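J.: let's see this in three dimensions:
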Amino acid sequence: MKKIVSLLLAAMVVMCAPAAALSGSAAVCGASAIVQAAETLDTPDKANPDTLDYAETSEQPCSSDQPCGNVPGSTPDAAETEDTSETEDTPDTSDVPGKETADQPSLPDTVDQPEPEPQPEPEPEPEPQPKPEPVKDNTPQGDVNGDKQVTSEDALLVLRYSVGFYHAIPKNYRKYADMNGDKMVNSSDAIEILRKTVAVDGVLIRSKSTESTKQDSTVRDDSALRYGIDVSMWQGSIDFKKVKASGVSFVIIRAGYGRYASQKDEWFEENYRRAKAAGLDVGVYWYSYAVSADDARQEARACISAISGKRFEYPIYFDLEESWQIRQGMSFCSSLVSAFCSEVEAHGYYSGFYSSTSVANNVVSYDVQSRYAYWAAEWGSSVHYYNQYGMWQYSDAGIINGIGGYVDLDVAYINYPAVIKEFHLNGY
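T.: Just a heads-up that it's a prediction; the model follows:
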């Protein structure tokens, strides 16, 4: 405010200067002008409540007795003569926290920090020790006598074990006897062992499906296999010496059919006598018409009556073929096979059953399949059967010297004569 008044007074002096030159009344002009200016600036506006309150300021209002501001000719106070531009623009920082003053010591440029404690170095992880390699078991599956080979001797031991001669296989080798992984050791495993020992090439017997100058490629020639035929009254008179000379080693003869001993095959006795005279091994089959398990048991008794007093190197087979029997389903057919075979076994014979592979797969239970020897019938170059089998009828149209017309051809995978004689079965 003081600065503004000073400026206004200076302006009035300038304005009065020309008039003073004319009238010589400079003092009157100056005083009148000063008084008017002071009254204009310093007199509060009574109508305006927001006008300056004199009690709140350090300046006093101007009057005729007390001139205002820096009037020419007057001496200003020392405080008014100081240049106030810097004091107005520069704030007082003496009391601002954080600022240095004459009474406050300055902070050092750097502050000593404690040295960090050294971190312990992590211990190195121990190197993993290599796992010891398992000891390799070089024993082939199927080697139950420990000679590092799989031969027909192993199959024979498995058969002995399966019928109760548990000492036949050392305990530590029994795990190699379970060839099919069913947790059991039975004839099925013996058959599988024999399969590992045979070749799949060679020729021996001709069939209708090949020319007479060629040999059937489905017949495998190996010393572990046996080749044979099965016959009945339908082949008529047979020259078994010529049959044997053709390479046949066994014959399965139909002993009869039905529930009565009187239903013996009319050529059974003659076929048995001639086959034995020619040095052939012999087995039999009984054709079934059973309508129940009891009926099948009666058929077994009729069969035993027909073959009584004779020796057989191959099993006694239950022949399951009738279509009406097959239509009865698995429970019915399985009961027939089980009833016949168990009755035959009870009389000291090695028993089994014959059927087509489709019948065995579909209507004979797995337990019955595994319990008894199976003679599989499937004409062709391969067998499609879900379990194991000991003999395969692979053709119904074989051509054998000594037989007029076609005859069924068979191959045996088990040395049945050795097994039967070993256990004194079938009359031995």
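
J.: distance of Ala177 from Glu153?
T.: Distance, Ala177 to Glu153, by Cβ to Cβ, to the nearest Å: 13 Å. For glycine as for every other residue, the C-beta is placed from the backbone atoms N, C-alpha and C.

J.: following the lowest-mean-pLDDT helix or strand in the chain, which helix or strand shows up next?
T.: Sorting the helices and strands of the chain by mean pLDDT, DSSP states H and E puts strand 206-207 at the bottom, at a mean of 33. Using DSSP states H and E, the next helix or strand after strand 206-207 towards the C-terminus is strand 226-231.

J.: with just CA atoms, put that next one into CSV.
T.: Written as CSV, here are the backbone C-alpha positions of strand 226-231 (Å, rounded to 0.1, in the frame of the first residue of the first chain):
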residue,chain,number,x,y,z
ARG,A,226,3.1,-135.7,-34.3
TYR,A,227,1.0,-136.1,-37.4
GLY,A,228,-2.2,-138.2,-37.5
ILE,A,229,-5.6,-138.8,-38.8
ASP,A,230,-9.1,-139.5,-37.4
VAL,A,231,-11.3,-142.2,-38.8
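
J.: neighbouring strands of it in the sheet, and parallel or not?
T.: strand 250-257 (parallel), strand 407-412 (antiparallel) (DSSP bridges).

J.: with distance to Asn362 added, can I get those strands in a markdown table?
T.: A markdown table is the format used below for these (distance: least, Cβ to Cβ, whole Å):
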| stretch | distance to Asn362 |
| --- | --- |
| strand 250-257 | 23 |
| strand 407-412 | 22 |
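
J.: out of these, name the one with the poorest average pLDDT.
T.: Lowest mean pLDDT within the strands paired with strand 226-231: strand 407-412, at a mean of 93.

J.: Gln263: which of the strands paired with strand 226-231 is closest?
T.: Taking Cβ to Cβ, strand 250-257 is the member of these nearest to Gln263, at 4.9 Å.

J.: now Leu157: phi and psi?
T.: phi -60, psi -40 (degrees, to the nearest 10).

J.: what is the burial count for it?
T.: Leu157 sits with 21 neighbouring residues when counted by other Cβ atoms under 10 Å.

J.: ok, now which ones touch it?
T.: Residues in contact with Leu157 (Cβ atoms under 8 Å, 6 or more residues apart in numbering) are 144-145, 168-169, 177.

J.: now with 7 Å?
T.: 144-145, 168-169 (Cβ atoms under 7 Å, 6 or more residues apart in numbering).

J.: how close does it sit to Ala177?
T.: For Leu157, the distance to Ala177 - Cβ to Cβ - is 8 Å.

J.: which neighbours do the two share?
T.: With Cβ under 7 Å, 6+ apart as the test, Leu157 and Ala177 both reach 144, 169.

J.: and His167, how far is that from Arg174?
T.: His167 is 11 Å from Arg174, by Cβ to Cβ.

J.: more neighbours, these two?
T.: Taking neighbours as other Cβ under 10 Å, His167 and Arg174 compare with Arg174 leading, 15 against 9.

J.: who touches the more buried one in this structure?
T.: Contacts of Arg174 by Cβ under 7 Å, 6+ apart are Val185.

J.: for it, which three-state class applies?
T.: helix (DSSP: H, G, I helix; E, B strand; the rest coil).
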